[in-house]
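*Asks:* Below is the sequence, then the predicted model.
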Amino acid sequence: MDITEVRVKLRNEERLKGFVNVTFDDAFVVRGMKVISGNDGYFVAMPSRKRSDGTYQDIAHPVTMEMRRQIEEKVLKAYENALEARMKK
């Protein structure tokens, strides 16, 4: 499965740095991923929904560590590119 498109909408909040939509094989989109500024750097949070008890549950997530690594690598690169493009404006 290939990541064929990554779209980033930048945010400038304390921890939330962007919303991301990722397309796989030009055929399937996962919307609502987030770029988060964590204690150890940036990471990608999967789309989630709030449960009635106040906790959150991922709606979609990678099954393998290799797919998680691929997603995080491509999303964070797209985030960096979006920041650079914004700085050039």
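*Replies:* Great, that's in hand.
*Asks:* what does the longest strand seen in the chain rub up against?
*Replies:* Secondary structure of the chain per DSSP state E: the longest strand is strand 28-38. Applying C-beta atoms under 8 Å, 6 or more residues apart in numbering, the external contacts of strand 28-38 come out as 8, 14-24, 42-48, 59-60, 71, 75-76, 79. Placement of C-beta: from N, CA and C, glycine included.
*Asks:* strands paired with that strand, and their directions?
*Replies:* Paired with strand 28-38 in the same sheet, following DSSP bridges, are strand 16-24 (antiparallel), strand 41-45 (antiparallel).
*Asks:* mind putting these in TSV, distance to residue 86 and mean pLDDT included?
*Replies:* Output for the strands paired with strand 28-38, formatted as TSV (distance: least, C-beta to C-beta, whole Å; pLDDT from 0 to 100):
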stretch	distance to residue 86	mean pLDDT
strand 16-24	11	98
strand 41-45	16	96
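*Asks:* between the ones you listed, which one is nearest to residue 3?
*Replies:* Smallest distance to residue 3 across those (C-beta to C-beta): 5.9 Å, for strand 16-24.
*Asks:* Report the buried residues of the closest one.
*Replies:* 17, 18, 19, 20, 21, 22, 23 (16 or more other C-beta atoms under 10 Å).
*Asks:* Which one of the strands paired with strand 28-38 lies nearest to residue 54?
*Replies:* Residue 54 lies closest to strand 41-45 among the strands paired with strand 28-38, at 16.9 Å (C-beta to C-beta).
*Asks:* In that closest one, which residues are buried?
*Replies:* For strand 41-45, by 16+ other C-beta under 10 Å, it's 44, 45.
*Asks:* hmm, who's touching that strand?
*Replies:* Here strand 41-45 makes contact (C-beta under 8 Å, 6+ apart) with 17, 20, 33, 34, 35, 36, 71, 72, 75, 76, 79.
*Asks:* Would you reformat those as CSV and include distance to residue 54?
*Replies:* Output for the contacts of strand 41-45, formatted as CSV (distance: C-beta to C-beta, whole Å):
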residue, distance to residue 54
17, 24
20, 25
33, 22
34, 18
35, 24
36, 19
71, 27
72, 27
75, 27
76, 29
79, 28
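*Asks:* okay, now residue 40: neighbour count?
*Replies:* By the criterion of other C-beta atoms under 10 Å, residue 40 has 6 neighbours.
*Asks:* Thanks a lot, see you next time.
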